[in-house]
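> have a look at this prediction, sequence included:
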Amino acid sequence: MEHVGFDPGAIHASVHTRADNHVDRTQRTARTAIANAQDEFHVYAIEWTPDGIRALADGQACFTFANERASNAQADWRQWPFDRDFRILVNLAVGGNWGGQKGVDESIWPQRLELDYVRVLQRTR
């Protein structure tokens, strides 16, 4: 889940893999309008199962990414590396190729990233 300062009325859900990434222009992503994304708390969720990944914003699905290895015998870790241990990364990035493409307004400082909670749940079978 990503929020970009020059696009304040939206959040983006993206998956980054060796096969699907922004460097190769093959990234899979979706933009969802949330008019007050930077002014109010919202509930963002990622449901990660062996079949795929689904992103939700305030309970509404906004992006899905199917496990290609389940339907394509030629697919490998480059299409679906998500059967390994991962970490949750939360960051406030400024600039870069995407966020900085329209420049960075120096008058915005200081800034903060506020989180109410981060929760990890595991489904029982």
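Right, received. Where do you want to start?
> who's W48 bridged to?
I53 (DSSP bridges).
> might one say that it is in contact with D83?
No: W48 is not in contact with D83 according to C-beta atoms under 8 Å; the separation is 10.0 Å. In this view, the C-beta of every residue, glycine as well, is placed from N, C-alpha and C.
> pLDDT weak spots in the protein?
125 (pLDDT under 70).
> where along it do the helices fall?
96-99 (DSSP state H).
> can you give me the strands for it?
Here the chain has its strands, by DSSP state E, at 10-15, 28-33, 44-49, 52-57, 60-66.
> a markdown table please, covering those strands and showing mean neighbour count.
A markdown table is the format used below for the strands of the chain (neighbours: other C-beta atoms under 10 Å):
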| stretch | mean neighbour count |
| --- | --- |
| strand 10-15 | 20 |
| strand 28-33 | 16 |
| strand 44-49 | 14 |
| strand 52-57 | 19 |
| strand 60-66 | 16 |
